[in-house]
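K.L.:
Only the shape, not the letters, is given here:
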Ligand SMILES: Cc1cc2nc3c(=O)[nH]c(=O)nc-3n(C[C@H](O)[C@H](O)[C@H](O)COP(=O)(O)OP(=O)(O)OC[C@H]3O[C@@H](n4cnc5c(N)ncnc54)[C@H](O)[C@@H]3O)c2cc1C
């Protein structure tokens, strides 16, 4: 009797959640996750292959994401949803199970642009922009990277000079700036006499030009731009008053890096599930691929890393919600989960054979997207150096 019951229980175990990590979540967290999963299934999955092929970002669903409470999710007040870090992470995982471009939109809007205004803006700036951004009526972008300053943003060449009347003149260039060509407001980081400062630049300001970067092999259902900033004139009150120096942009990057560690596991889980289904249906040498030892080993290795990666993300989220998270701990999850996710997606692709190189199946699309995800918000190398510095006490950046 006991044996039968145990066998039945084992058969019921979720093949994507062998350890029942769902049991670590609250009812509210599960409900939120399921709501976002349903949105991705209904509004995103049916069209993602076409959007990816045609390099189309579905701006038409931005307001729906606002209605779902996905924009600036973890921010409180000013019309923001005020969700926990774990809830934000679970949403990021479900969005990226659809496509990294969708999660990237939410990261740029909420974790980067809205966070910058929420953390460092004046009351006037917060009231003016955040409620509309939370609804998806105002789109924001975050300009830190430059053509010659990527991993080393401290070397940025964009300048902001204070004019005699207190207004500002900005000059320079930014590269790889998500959403810039469809954004209404850009957070632009620039070098000033007082150190690096953030500026809120309406994108219709004269001298501000955003041009989408084309011919991308990754993140195709998403927009990144070159920005040219030529004698852009801004009023005195355009500056974010409450921060100077790189700690400003870095604290926003930490918000986005946190979401990425969850998101990467969403792409990995989707690839694993696609590969498992395919292996069970595809017959070769008179039996399903899933009946071969090598195939089983691939699937087992995938699900082990997915479970570990979600545990890493969940523990990081619990620390964040408790207010005890150290930025070094974010590097653990960003580095590990991106690295493992890309390996999982590539392995899943091998199991699909030739069919795996088409957009009919998600793993190669996810793997290609993750090339961007492992690069932005600190490359693998940068997070390795952050962790190496912490472990050894020696900084090896330069
Ligand atoms: C799809 C996408 C979206 C993006 N969105 C945004 C955005 O919205 N806003 C924004 O500001 N930026 C954005 N970025 C830019 C992103 O943050 C940068 O690409 C990233 O920081 C790396 O900079 P880089 O591309 O200039 O590479 P580089 O910094 O030139 O690095 C090239 C290589 O050298 C390695 N390297 C660098 N320094 C060291 C070192 N000290 N030791 C060892 N190796 C090193 C790097 O790890 C990398 O492998 C985005 C990028 C992409 C691809």
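P.N.:
The structure has been received and is ready for your questions. As the structure is a prediction and not an experimental result, all values here were calculated from the model.

K.L.:
mind checking the SS state of residue 79?
P.N.:
At residue 79, secondary structure determined by DSSP: H, G, I helix; E, B strand; the rest coil is coil.

K.L.:
What strand or helix carries the residue nearest to it when sequence neighbours are not counted?
P.N.:
For residue 79, ignoring the flanking residues on the chain, the nearest one in space by C-beta to C-beta, 6 or more residues apart in numbering is residue 131 at 3.3 Å. Where you see a C-beta, it was placed from the backbone N, CA and C, and this is true even at glycine. Following DSSP states H and E, one finds residue 131 within helix 123-135.

K.L.:
Can you list the helices and strands that that helix packs against?
P.N.:
Contacts defined by 3 or more C-beta pairs under 8 Å, 6 or more residues apart in numbering; DSSP states H and E place helix 123-135 against helix 62-67, helix 115-120.

K.L.:
any idea which of the ones you listed is most buried?
P.N.:
Of the helices and strands packed on helix 123-135, the one with the most neighbours on average (mean count of other C-beta atoms under 10 Å) is helix 115-120, at a mean of 23.

K.L.:
can you list the residues that contact that one?
P.N.:
Defining contact as C-beta atoms under 8 Å, 6 or more residues apart in numbering, one finds that helix 115-120 is touched by 72, 75, 78, 80, 125-126, 129-130, 133, 140, 142, 187, 198, 200, 240-243, 248-249, 251-252, 255-256.

K.L.:
Strands - which of the residues you listed land there?
P.N.:
140, 142, 187, 198, 200 (DSSP state E).

K.L.:
what's the most distant pair in these?
P.N.:
Farthest apart among the ones in strands among the contacts of helix 115-120 by C-beta to C-beta are 140 and 198. That separation is 11.9 Å.

K.L.:
anything in contact with each of the two?
P.N.:
Joint contacts of residue 140 and residue 198 (C-beta under 8 Å, 6+ apart) are residue 187.

K.L.:
Please give me every residue in contact with residue 283.
P.N.:
Contact analysis of residue 283 by C-beta under 8 Å, 6+ apart lists residue 289.

K.L.:
ditto for residue 236
P.N.:
165, 166, 167, 168.

K.L.:
Now, of those residues, which are buried?
P.N.:
residue 168 (16 or more other C-beta atoms under 10 Å).

K.L.:
can you tell me which of the contacts of residue 236 lies nearest to the ligand?
P.N.:
Closest to the ligand out of the contacts of residue 236 is residue 168 (19.5 Å), distances taken as C-beta to the nearest ligand atom.

K.L.:
Can you spell out which residues form a bridge with the closest one?
P.N.:
Taking DSSP bridges as the rule, residue 168 bridges to residue 162, residue 234.

K.L.:
i'd like the first residue to be 847 from this point on
P.N.:
With the count now opening at 847, the last piece we talked about shows up as residue 1014.

K.L.:
Next one: it from residue 1095, what distance?
P.N.:
Taking C-beta to C-beta, to the nearest Å as the measure, residue 1014 falls 18 Å from residue 1095.

K.L.:
which residues touch the closest residue to the ligand within the stretch 847-996 of the chain?
P.N.:
Using C-beta to the nearest ligand atom, the closest approach of the stretch 847-996 of the chain to the ligand is made by residue 996 at 1.8 Å. By C-beta under 8 Å, 6+ apart, the residues touching residue 996 are residue 1022.

K.L.:
residue boundaries of the helices in the stretch 997-1146 of the chain?
P.N.:
Here the stretch 997-1146 of the chain has its helices, by DSSP state H, counting those that start in this stretch, at 1093-1127, 1139-1168.

K.L.:
Using JSON lines, lay out those together with mean pLDDT, mean neighbour count and distance to residue 914.
P.N.:
Output for those, formatted as JSON lines (pLDDT from 0 to 100; neighbours: other C-beta atoms under 10 Å; distance: least, C-beta to C-beta, whole Å):
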{"stretch": "helix 1093-1127", "mean pLDDT": "97", "mean neighbour count": "24", "distance to residue 914": "15"}
{"stretch": "helix 1139-1168", "mean pLDDT": "98", "mean neighbour count": "18", "distance to residue 914": "19"}
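
K.L.:
Output these in CSV; the columns should cover distance to the ligand.
P.N.:
Below are the helices of the stretch 997-1146 of the chain laid out as CSV (distance: least, C-beta to the nearest ligand atom, whole Å):
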stretch, distance to the ligand
helix 1093-1127, 8
helix 1139-1168, 20
